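Peer 1: Just a sequence and a predicted model for now, questions to come.
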Amino acid sequence: METENKTACWVVVVAAGRGTRFGRPYNKVFHPLNGRSVLMRCLDALAASCAFDGAVLVISAQDRPDYEALCRREGAPELVRAVAEGGETRQDSVYNGLLLVPAEARIIAIHDAARPFVTPGIIRAAIESAEAHGSGVPGAPVTDTIKLLDGEGQAVETLPRERLCAVQTPQTFRRELILSDYLGTPVRVQEFNQLDDAALYEKYIGKVRIVTMPECADNIKVTTQRDVSAYECPFRAGTGYDAHRLVEGRRLVLCGVDIPWEKGLLGHSDADVAVHALMDALLGAAALGDIGRHFPDSDPRYKGISSLLLLDRVGELLREAGYRPVNVDVTIVAQRPRLKDYIDQMRRNIAAHLGIDEDCVNVKATTTEGMGFEGEGLGISAQASALIAKQR
């Protein structure tokens, strides 16, 4: 939306709350959401609307170092032109932010930093309403039946849901009206500190104009972990590769199955190249390093150990990190011996040690048509891929 005045529209972004219901020891707006914080996603969304000439970010003094560190990691947001210190209440914080909005701003929006999914359509509709009517507040239609309760938990009235909505942000106003609201009334006293900006406007200025549109259904406020879980990618994928030399005098073990053969694989453990590739795939999916980090060949504890026992430990590491295996695929590259008769047992071994269904495990074997070290019978290699999911 174009405006006549270059600095006609500004937004005050409130990020000074503690978000105790989120259950983390830090401000919830710093929580990573698919690689980018809630706060930066919010500022990205506001900037993407191309509706604002600048933003005032309101953040508590104790969170200022974390915000500065966030800017170094994710990039300083160009939209933010000033940073105000948070107050004791949300109204104090908004008040501090309003004081830093430039005098030429004609429209001021007030937005919760914990609403990172706001769309350009919602923002523009709120601004257009404020220009035309003095206020523009997004509201999502209520779909549940709402009961009014008395002080003892008894329902005394069923409210008509067709006339109800859940109010959201950005709550947008003409500058002179919202400043009159905040600067001309005793809003910073305890009696009023639970009211949002729209409620204060109603109390001191007049009726608030509500903007309802389908997009409001997704303009949720991050309050608990559940609010972000649906937007976080629940899956992660990893790949693994390993190769071992074939030598005489060693057992040939693949996916925990002893294969009768004239040579075996050389290694510190049982040298089960297929399970090693699988472990690296699982560890990689969870960003937990590799088998060399967790099971170094310099550690005597792993001398001759079954790789299936190491796979058990990898499963424990995944659970500790909050993940579970979904499905795995292993490819064994060997010219000889032929492995097709052992594939089913390999799948059963892996499924049992990962605690997943056998139909979630695939093992296949291939040759190189005589090419490379595998084709010459000098060694065997294996590749693996794994899909893991966050524990719910």
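Peer 2: Thanks, I have the structure now.
Peer 1: buried stuff in the lowest-mean-pLDDT helix or strand in the chain?
Peer 2: None of the helices or strands of the chain scores lower by mean pLDDT, DSSP states H and E than helix 225-229, at a mean of 76. Using 16 or more other C-beta atoms under 10 Å as the test for burial, helix 225-229 gives 227-228. For glycine as for every other residue, the C-beta is placed from the backbone atoms N, C-alpha and C.
Peer 1: Next, please give the residue ranges for the strands of the stretch 1-150 of the chain.
Peer 2: For the stretch 1-150 of the chain, the strands defined by DSSP state E, counting those that start in this stretch occupy 9-14, 32-33, 36-37, 54-59, 80-85, 107-112, 135-141, 146-149.
Peer 1: which stretches of the stretch 101-250 of the chain aren't confidently modelled?
Peer 2: Applying pLDDT under 70 to the stretch 101-250 of the chain flags residues 184-194, 230.
Peer 1: could you pull out the helices for the protein?
Peer 2: Here the chain has its helices, by DSSP state H, at 38-48, 64-74, 90-98, 120-133, 175-183, 197-204, 225-229, 273-285, 291-294, 307-320, 343-354, 372-375.
Peer 1: separation between the residue sitting furthest away from the middle of the chain and Gly375?
Peer 2: In the chain, the residue that sits farthest from the middle, by C-alpha atoms, centre = their mean, is Glu262; the gap is 51.0 Å. Using C-beta to C-beta, to the nearest Å, Glu262 is found at 17 Å from Gly375.
Peer 1: do the same with Pro102
Peer 2: When Pro102 is compared with Gly375 (using C-beta to C-beta), they lie 72 Å apart.
Peer 1: Ala103 now?
Peer 2: Where Gly375 is concerned, Ala103 sits at a distance of 78 Å (C-beta to C-beta).
Peer 1: which of those two has more neighbours?
Peer 2: In this view Ala103 and Gly375 are compared by other C-beta atoms under 10 Å, and Gly375 has more residues nearby, 15 against 6.
Peer 1: which residues touch the residue nearest to that one when sequence neighbours are not counted?
Peer 2: Among residues not flanking Gly375 along the chain, Thr368 sits closest, at 4.1 Å (C-beta to C-beta, 6 or more residues apart in numbering). Neighbouring residues of Thr368 by C-beta atoms under 8 Å, 6 or more residues apart in numbering: 333, 335, 374-375.
Peer 1: Show me which of these are buried.
Peer 2: For these, a burial check counting by 16+ other C-beta under 10 Å picks out 333, 335, 374.
Peer 1: pretty sure the second one contacts Leu378?
Peer 2: No. Applying C-beta atoms under 8 Å, one finds Gln335 not in contact with Leu378, separated by 9.5 Å.
Peer 1: Number of residues surrounding Gln154?
Peer 2: Neighbour count for Gln154, taken as other C-beta under 10 Å: 9.
Peer 1: hmm, back to that, count of neighbours near the residue lying closest to the residue farthest from the centre of the chain once chain neighbours are set aside?
Peer 2: Among residues not flanking Glu262 along the chain, Glu248 sits closest, at 7.0 Å (C-beta to C-beta, 6+ apart). When neighbours are counted by other C-beta under 10 Å, Glu248 registers 8.
Peer 1: And Glu248, how far from Ile332?
Peer 2: Distance from Glu248 to Ile332, by C-beta to C-beta: 20 Å.
Peer 1: for Ala114, same thing?
Peer 2: Ala114 is 49 Å from Ile332, by C-beta to C-beta.
Peer 1: Quick one: residues contacting the closest residue to Asp329 other than its chain neighbours.
Peer 2: The shortest distance from Asp329 to any non-neighbouring residue, by C-beta to C-beta, 6+ apart, is to Asn362 (4.5 Å). By C-beta under 8 Å, 6+ apart, the contact list for Asn362 reads 327-330, 347.
Peer 1: burial measure for the residue nearest to Ala15 when sequence neighbours are not counted, as a count.
Peer 2: Spatially, and ignoring its direct neighbours in sequence, Ala15 is nearest to Ala113 (3.6 Å; C-beta to C-beta, 6+ apart). Per other C-beta under 10 Å, the neighbour tally for Ala113 reads 29.
Peer 1: still on that earlier bit, the contacts of Asn362 in strands, which ones?
Peer 2: 327-330 (DSSP state E).
Peer 1: which one among those residues gets closest to Ala51?
Peer 2: Minimum distance to Ala51 across the ones in strands among the contacts of Asn362 is 44.6 Å, recorded for Asn327 (C-beta to C-beta).
Peer 1: For the closest one, name its beta-bridge partners.
Peer 2: Beta bridges link Asn327 to Leu387, judged by DSSP bridges.
Peer 1: so it touches Ile356, yeah?
Peer 2: Yes. Proximity of Asn327 to Ile356 meets the contact threshold set by C-beta under 8 Å, at 7.3 Å.
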